[in-house]
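In: Fold the following and give me the result.
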Amino acid sequence: MPNRVVRRSWSTRWRVLGLCVALLALSQSTAAEVQSRSKWWVSSEVQQELQLSADAVARIDDIFESVIPILRSGWRDFNRLEQAFDALLEKDDVTEAEVAHELEHLEAARAELRKTRTLMLFRMRRVLTAEQRGMLEAYTKRRREERRSRDDRSGDDWRRR
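Out: Numbering: from 1, shown residues only. Reported below is the predicted structural model:
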């Protein structure tokens, strides 16, 4: 039994360390980098690589701008529900039925967010031709590998210290 506690404790420590590293990496991102990742279609590099027309860029941007307020509102609601749910779990006198009921609300909010985001991405992809979707997939894969490689190198630097 004591070994389980130790394992759990180390597991928690690794999770916290991973979270701290991720937050540090995010905090070092510039606003322009974050913006360019979320609005990939406005990047001149992406526009060139995918041969996006000005009309396609405008249509994708319109889709994004119409949905982003809904997503932001949904995230605020979800975060509020999550905080309330976490507080509920801390209570000693809460019943399983109460937890299940609140969990239903929390998971419904999460599902709604995912659905809204997925439909937005679907509509954005429909603006692209099949060829452009393939080029976007290749571009995204290449960028992901570049970030992984960069992160691996910075992780090595961290380990050497």
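In: now the most centrally placed residue in the chain: how far from residue 132?
Out: Of all residues in the chain, the one closest to the mean position by C-alpha atoms, centre = their mean is residue 38, 9.7 Å from it. Applying C-beta to C-beta, to the nearest Å, the value for residue 38 to residue 132 is 19 Å. To be clear about C-beta, it is placed using only N, CA and C from the backbone, and glycine gets the same treatment.
In: where does this structure dip in pLDDT?
Out: For the chain, applying pLDDT under 70 flags the ranges 1-37, 155-161.
In: switch to 50 and redo it
Out: The chain contains residues with pLDDT under 50 at 1, 3-8, 10, 16-36.
In: What is the subsequent helix or strand relative to the top helix by length along the chain?
Out: Once the chain is assigned using DSSP state H, the helix that runs over the most residues is helix 54-90. Once the chain leaves helix 54-90, the next helix or strand it forms, by DSSP states H and E, is helix 96-127.
In: Now do the buried residues in that next one.
Out: Of the residues in helix 96-127, those with enough neighbours to count as buried (16 or more other C-beta atoms under 10 Å) are 102, 106, 109, 113, 116, 120, 123-124, 127.
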